[in-house]
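Visitor: give me coordinates for this.
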Amino acid sequence: MEIILKQDVDGLGEIGQIRKVAPGYARNYLIPNQFAVQVNPQNLRALEHEKLLLDAKELKNKDAARELAGVISGLTCTIARRAGEGDRLFGSVTNIDIANSLAEQNVIVDRRSFDLAEPIKELGIFMIPINLYPDIIPSLRVVVVREAE
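Guide: Numbers count the residues shown, from 1 in each chain. From the prediction side, this is the model:
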């Protein structure tokens, strides 16, 4: 039986793909759980329409990510922290701190987008890559300075 996947299904395929599966698997699992629909002319037209909508949405998201990347590339994020001898911080600067600092500058970025391998634990200037989109990864300049006492 041929089906059109409405969602990503592990081991079977991704949304919008047409797959041939056992009739029982389709009737008893995929179709009742809204993972797929049976292939027919009406569902094929609906699939084409959904692909067009998905492509338009994807293009819009990519353009928004490019615009945000342009803004982020020109920003410098300054974070003040208490530090001891040897410029070691008491505590650390995490992706949450960087996201909050950007939010203060009216730039909203999800904290999970920062490619920070481990928290920053010393004073200095750091270039932090931000994964906005699979192929759009701007770098944010983060300056960690000593907090005035």
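Visitor: what mean pLDDT would you report for stretch 51-63?
Guide: Across stretch 51-63, pLDDT averages out at 92.
Visitor: what's next to that stretch, contact-wise?
Guide: With contact meaning CB atoms under 8 Å, 6 or more residues apart in numbering, stretch 51-63 is reached by 16, 133, 136. Glycine gets a C-beta too; all of them are placed from N, C-alpha and C.
Visitor: quick check: closest non-adjacent residue to residue 120.
Guide: Nearest residue to residue 120, sequence neighbours excluded (CB to CB, 6 or more residues apart in numbering): residue 93, at 4.1 Å.
Visitor: coming back round to it: weed out the non-buried ones from the contacts of stretch 51-63.
Guide: 133, 136 (16 or more other CB atoms under 10 Å).
Visitor: on that earlier part again, residues in contact with the residue nearest to residue 120?
Guide: Contacts of residue 93 (CB under 8 Å, 6+ apart): 79, 81, 119, 120, 121, 142, 144.
Visitor: which residues pair with residue 125 across the strands?
Guide: For residue 125, the beta-bridge partners are residue 143 (DSSP bridges).
Visitor: tally of neighbours for it?
Guide: 11 (other CB atoms under 10 Å).
Visitor: show me how the protein divides into domains.
Guide: Residue ranges for the domains of the chain, per automatic domain parsing: 2-63, 69-146.
Visitor: end to end, how far does the longest one reach?
Guide: So that's domain 69-146. From its first residue to its last, domain 69-146 covers 28 Å (CA to CA, to the nearest Å).
Visitor: could I get the average pLDDT for that domain?
Guide: 93.
Visitor: relative to the whole chain's centre, how far out is that domain?
Guide: Offset of domain 69-146 from its chain centre (CA atoms, centre = their mean, to the nearest Å): 17 Å.
Visitor: hey, which helix is longest across the chain?
Guide: Ranked by number of residues, the top helix in the chain under DSSP state H is helix 41-73.
Visitor: flag every buried residue along it.
Guide: For helix 41-73, the neighbour count (16+ other CB under 10 Å) marks 43, 47, 65, 68, 69, 72 as buried.
Visitor: same question, stretch 23-42
Guide: 26, 30, 31, 35, 36, 37.
Visitor: okay, those residues in TSV with distance to residue 97 next?
Guide: Formatted as TSV, the buried residues of stretch 23-42 follow (distance: CB to CB, whole Å):
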residue	distance to residue 97
26	49
30	45
31	48
35	40
36	44
37	46
